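S.K.: A predicted structure for the sequence below; I have some questions about it.
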Amino acid sequence: MPTCTALIVAAGRGLRFGGDMPKQYLHLAGQPILRRTVEAFLRHPQITTVRIVIDPSFSDLYDKAVEGLDLPPPIAGGPTRQDSVLNGLEAMAGHAPDLVLIHDAARPLVDATAISDVIAALETGPAAIAATPLADTLKRGTVAGGGTIASAGTVDRTALWRALTPQGFRFAEILPAHRRAAGLNLTDDAAVAEEAGLPVTLVPSDQDNLKVTNQDDLARAEKLFLARLGDIRLGTGYDVHKFAPGDQVWLCGISVPHDAGLEGHSDADVALHALTDAILGAIGAGDIGLHFPPSDPQWKGANSAQFLNHAADLVAAKGGVIAHVDITIICERPKVGPHREAMVARVADILGLSPTRVSVKATTTEGLGFAGRREGIAAQAAATVRLPLVLE
């Protein structure tokens with residue numbers, strides 16, 4: 001199988017979108033657009049490596065967007081998209097792949113079929129692009145005011161296509177083509193190939209592979225993204241830890257002062273343990289002990305946030321999203337109320353969710369049972385997960 005690198009172009013500032021943050025770092029269904037795009041390629045079995053071209057002035061946003069993903073260092077972009085692509089290709093030249101797919105970071109809805117079809121087309125030609133035939137009637141008209149249709153202004157749409165991405169090329173041919181095209185200000189990589197005399201194959205693609213350019217595009221992209229996730233799962237989790245000597249307990253990733261600690265192999269965060277089990281249960285991935293055995297010394301005293309992160313990564317690896325989580329902490333003491341807002345914020349931060357999708361509450365057992373006797377703390381959790389619908 002040929003080696004194939006996906007080159008994600010994320011160096012633009014998204015001026016047409018508006019706002020202070022480049023659009024690729026805005027959230028789509030709880031995760032940055034860039035991360036959604038990158039994950040689509042990381043999941044594809046024919047993609048060997050993913051490289052990303054960014055504006056270094058937004059490196060902090062980039063680091064947060066791709067946190068936890070197995071990626072090489074980003075590549076610094078240039079003043080134009082064409083310059084950024086050339087920078088990316090030059091950075092890859094020392095260990096050149098057989099094929100490269102160039103893709104806009106702002107197209108997060110690219111599907112596996114489009115990626116596969118573009119790669120397949122490169123078996124018989126040097127260049128191929130995802131595209132969709134024009135369906136609307138086209139008019140040529142004036143620009144001033146409301147505009148008017150020019151004489152004979154209806155444009156024949158026969159054989160007209162909308163160029164999308166990914167745009168795929170044999171690396172050995174597209175790099176010299178880009179070098180020769182430097183300064184020509186061409187609108188896409190297919191135009192670079194055409195300028196070099198390379199034939200470009202049109203690969204019919206899903207028209208939902210839209211580019212997020214404005215607020216309406218983002219709203220539409222989110223609706224389309226969630227519509228693909230028709231397999232809705234509910235998982236539950238429950239955990240208990242007894243009190244031990246100490247002066248604090250960890251609950252939902254927050255240190256809460258108390259006259260005792262909680263006994264456990266890790267940090268004994270009973271709430272995060274219950275939530276981790278709920279998420280694992282929703283995707284049929286066992287329980288926390290299966291992934292992080294208490295017999296393994298490497299997890300002694302571990303921060304339970306990494307357990308929750310792992311569960312969330314498994315959901316993302318399946319192409320899914322966590323829609324909502326609900327945690328109930330069961331204890332007489334310490335009081336949860338004063339810390340509830342911080343707990344919600346911390347869980348939301350770990351999972352990359354809006355705080356509106358996180359619920360934390362507490363109850364007592366009216367003095368009954370081990371919790372009522374103040375021997376320890378229990379927690380139960382529920383998690384709603386949306387996965388791509390697969391008909392079996």
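M.R.: Yep, that arrived. Numbering: from 1, shown residues only.

S.K.: all helices for the stretch 1-150 of the chain, in order.
M.R.: For the stretch 1-150 of the chain, applying DSSP state H, counting those that start in this stretch gives helices covering 33-42, 59-65, 81-92, 112-121.

S.K.: Checking Arg233 next. Helix, strand or coil?
M.R.: Following DSSP: H, G, I helix; E, B strand; the rest coil, we place Arg233 in the strand state.

S.K.: my guess is it meets Leu387, correct?
M.R.: Yes - using C-beta atoms under 8 Å, Arg233 is in contact with Leu387, at 6.4 Å. Placement of C-beta: from N, CA and C, glycine included.

S.K.: Identify the contacts common to the two.
M.R.: Counting by C-beta atoms under 8 Å, 6 or more residues apart in numbering, the contacts common to Arg233 and Leu387 are Ile283.

S.K.: Which one, of the helices of the stretch 1-150 of the chain, ends up nearest to Ser295?
M.R.: helix 33-42 (31.6 Å; C-beta to C-beta).

S.K.: who's in contact with the closest one?
M.R.: With C-beta under 8 Å, 6+ apart, helix 33-42 has contacts from 6, 8, 10, 23-29, 47, 50, 52, 62, 65-66, 69-71, 101, 103-108, 110-112, 115, 212, 218, 221, 225, 316, 319.

S.K.: Buried members of the residues you listed into PyMOL, please.
M.R.: Selection of buried members from the contacts of helix 33-42 for PyMOL, criterion 16 or more other C-beta atoms under 10 Å:
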select buried, resi 6+8+10+23+24+25+26+27+28+29+47+50+52+62+65+66+101+103+104+105+106+107+108+110+111+112+115+212+218+221+225+316+319
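
S.K.: Let's see which of the contacts of helix 33-42 end up in strands.
M.R.: Judged by DSSP state E, the contacts of helix 33-42 include 6, 8, 10, 27-28, 50, 52, 101, 103-104 as members of strands.

S.K.: Widest-spaced pair of those?
M.R.: It's His27 and Leu101 that sit farthest apart of these, by C-beta to C-beta, at 24.6 Å.

S.K.: re earlier: closest one of the ones in strands among the contacts of helix 33-42 to His291?
M.R.: Looking across the ones in strands among the contacts of helix 33-42 and measuring by C-beta to C-beta, the closest to His291 is Val50, at 25.1 Å.

S.K.: before we move on, the earlier item: looking at the ones in strands among the contacts of helix 33-42, which is nearest Ala172?
M.R.: Lowest distance from Ala172 to the ones in strands among the contacts of helix 33-42 (C-beta to C-beta) belongs to Leu101, with 14.9 Å.

S.K.: after the worst-scoring helix or strand of the chain on mean pLDDT, next one along is what?
M.R.: Within the chain, confidence by mean pLDDT, DSSP states H and E is lowest for strand 149-155 among all helices and strands, at a mean of 67. Going down the chain from strand 149-155, the next helix or strand is strand 161-170, by DSSP states H and E.

S.K.: Please identify the buried residues of the following helix or strand past that following strand?
M.R.: Next helix or strand after strand 161-170 toward the C-terminus (DSSP H and E): helix 171-181. By neighbour count on 16+ other C-beta under 10 Å, the buried set for helix 171-181 is 171, 174-175, 177-178, 181.

S.K.: what helix or strand is the nearest residue to Cys252 once chain neighbours are set aside on?
M.R.: Leaving out its chain neighbours, the residue that sits closest to Cys252 by C-beta to C-beta, 6 or more residues apart in numbering is Met343, at 3.6 Å. Under the criterion of DSSP H and E, Met343 resides in helix 340-351.
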